[in-house]
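A.B. asks: Sharing a model that was predicted from the sequence below.
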Amino acid sequence: MEKRSGEEEEGGVGKKDRIFRADKIDLKSLDKQLEEHLSRVWSRNLEITHKAKEEEWEINLAKLETENVIARGTFGTVYKGIYDGEAVAVKVLDWEDDGQESKTNRALFRQEVTVWHKLDHPNVTKFVGASMGTTNLKIPTADLENSLPQRACCVVVEYVSGGTLKHYLIRNRRKKLAFKVVIKLALDLSRGLSYLHSEKIVHRDVKTENVLLDVQSNLKIADFGVARVEALNPKDMTGETGTLGYMAPEVTV
């Protein structure tokens, strides 16, 4: 029996239902739907990728409140802030360009926080957390000339209010430090370094600028930017790293 035009074929779809007129198709609407769909897919993939790569030291910057600027440097700024009710120092690093140098610096930053977050000693500055981005970081308007670069990184550590050992020595340069004070500083530094070495960590840039003092004049080692895990073979350790005036003579020759 011959089917009439318009009758349903197999699957319930008639011949007429399979005919489309190009002038009746809303291409703009289709483009918009496709764009929205792709956007949802990409966002979902980025979220999954981020969760998969999230490090145990990464923190939620939305919980961080930044206050005034403590110091400024060539590649970043240090702010005082509050995280989980505790005073912290927030170091925001920006290497500007997106080339090989920036990638190298980001890799070194990851190395620094990977080393730092495992350490726990009264003479080593306490690590709180870090982030490879600054998406949710809020900076006071008065201290922010331009929006934060997307590729900036930040590290959050305990706030040590006494300043650096360098500034302490400069303030007291006109008088001789008490013998007990000198011994305490030396012991604190020795204990901190001994702990690092017991954890197979070589700081490689111990200097007065990288040593902090709290209100009780307890010394704390900071800044692990060039620290590295000690190699099993000493020959594998690169020696020419650090600040020249503080390097051991045998390293410089």
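C.D. replies: Now that the structure is in, tell me what you want to look at.

A.B. asks: Looking at whichever strand or helix holds L108 now, give me its mean pLDDT.
C.D. replies: Using DSSP states H and E, L108 sits in helix 100-116. For helix 100-116, mean pLDDT is 77.

A.B. asks: Could you shift the numbering so residue one becomes 254, and keep it that way?
C.D. replies: Right, with 254 as the first residue, what we last looked at is helix 353-369.

A.B. asks: can you pull the buried residues of it?
C.D. replies: Of all the residues in helix 353-369, those buried under the rule 16 or more other CB atoms under 10 Å are 358-359, 362, 364-369. Heads up, the C-betas are built off the backbone N, CA and C, glycines and all.

A.B. asks: That helix packs against which elements?
C.D. replies: Under the contact criterion of 3 or more CB pairs under 8 Å, 6 or more residues apart in numbering; DSSP states H and E, helix 353-369 touches strand 380-384, strand 406-411, strand 481-482.

A.B. asks: for those, which one ends up most surrounded?
C.D. replies: When you average the neighbours per residue for each of the helices and strands packed on helix 353-369 (mean count of other CB atoms under 10 Å), strand 406-411 leads with a mean of 24.

A.B. asks: remind me which residues of the stretch 304-453 of the chain are low pLDDT?
C.D. replies: Where the stretch 304-453 of the chain drops to pLDDT under 70, the residues are 304-307, 326-328, 348-355, 394-404.

A.B. asks: and if we set it to 50?
C.D. replies: Counting by pLDDT under 50, the stretch 304-453 of the chain has low-confidence residues at 304-305.

A.B. asks: quick one: the strands in it?
C.D. replies: Here the stretch 304-453 of the chain has its strands, by DSSP state E, counting those that start in this stretch, at 317-325, 329-336, 339-346, 380-384, 406-411.

A.B. asks: and I454, which of those is closest to it?
C.D. replies: Nearest to I454 among these is strand 380-384 (12.5 Å), distances taken as CB to CB.

A.B. asks: Just the CA coordinates for the closest one, please, in CSV.
C.D. replies: Below are the C-alpha coordinates for strand 380-384, written out as CSV (Å, rounded to 0.1, in the frame of the first residue of the first chain):
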residue,chain,number,x,y,z
PHE,A,380,53.8,29.2,56.4
VAL,A,381,50.0,29.8,56.1
GLY,A,382,49.3,29.2,52.5
ALA,A,383,49.8,30.3,48.9
SER,A,384,48.0,30.7,45.6
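
A.B. asks: So what angle separates the directions of that strand and helix 353-369?
C.D. replies: Here the directions of strand 380-384 and helix 353-369 differ by 150 degrees (axes from the mean of the first three to the mean of the last three CA atoms, to 10 degrees).

A.B. asks: the inter-axis angle of strand 380-384 versus strand 406-411?
C.D. replies: Going by the same axes, to 10 degrees, strand 380-384 makes 170 degrees with strand 406-411.

A.B. asks: Other residues contacting strand 380-384?
C.D. replies: 310-312, 314, 336, 339, 341, 362, 366, 369-370, 372, 390, 406-411 (CB atoms under 8 Å, 6 or more residues apart in numbering).

A.B. asks: ok, now with 7 Å
C.D. replies: 310-312, 314, 336, 341, 366, 369-370, 372, 406-411 (CB atoms under 7 Å, 6 or more residues apart in numbering).
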